[in-house]
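Participant: got a sequence here, can you build the structure:
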Amino acid sequence: MSTVTRQEITACTRGAFGSGWVGRDDLCAAARAAGARPEAVALLAGLSPHVRVCGLSDLLLLLPQLPDGAPPEPGVGEQHHTAGGGARS
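Facilitator: Got it, this is the predicted structure:
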C-alpha cells in the first residue's frame with residue numbers, strides 16, 4: 001500500500017469543485033467517480049462530516065500531513081549490485 005499524496009487528492013477531487021461549497025461526502029463521491037484508490041477515498045472519508053470547502057486549496061489545508069508529489073516508484077533511488085559485487089544506480 002503506497003502513501004496518498006496531495007497530487008493524488010487533487011487529481012481525484014478536482015471534479016467536485018465549481019458549484020459552491022463541497023462536503024466530505026461530495027469529496028468521497030467525486031474521488032470514487034474519478035477512480036481513486038480506496039486509500040484516497042478512506043482518507044477523505046476520515047474528514048469531519050461537518051467539513052465544507054470551496055476549493056482544492058481549502059481541502060489541502062485540512063490535510064497538511066500529506067506529501068506533495070507522487071509516491072516513489074519501487075526501486076527508485078536504490079542501488080543495484082552487479083554480479084561482480086560493484087554497485088550501480
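Participant: and the strands in the chain, which stretches?
Facilitator: 22-23, 52-53, 80-81, 87-88 (DSSP state E).
Participant: compare the ones you listed and say which comes out lowest on pLDDT.
Facilitator: Among the strands of the chain, strand 80-81 has the lowest mean pLDDT, at a mean of 44.
Participant: name the surrounding residues that touch stretch 27-44.
Facilitator: 1-2, 4, 8-9, 11-16, 22, 24, 45, 47, 53, 59, 63 (Cβ atoms under 8 Å, 6 or more residues apart in numbering). Glycine gets a C-beta too; all of them are placed from N, C-alpha and C.
Participant: any weak-confidence spans in the chain?
Facilitator: Counting by pLDDT under 70, the low-confidence segments of the chain come to 1, 70-89.
Participant: hmm, 80 instead?
Facilitator: 1, 69-89 (pLDDT under 80).
Participant: top helix in it by residue count?
Facilitator: In the chain, with assignment by DSSP state H, the single longest helix is helix 24-33.
Participant: still on that earlier bit, which ones among the contacts of stretch 27-44 are found in helices?
Facilitator: 8, 9, 11, 12, 13, 24, 45, 59.
Participant: ok, and the most crowded of these?
Facilitator: In terms of neighbours by other Cβ atoms under 10 Å, those top out with residue 13 at 25 neighbours.
Participant: from one end of stretch 50-57 to the other, what's the distance?
Facilitator: Terminal residues of stretch 50-57 lie 18 Å apart, using Cα to Cα, to the nearest Å.
Participant: and that stretch, how far from the chain's centre?
Facilitator: On the basis of Cα atoms, centre = their mean, to the nearest Å, stretch 50-57 sits 16 Å off its chain's mean C-alpha point.
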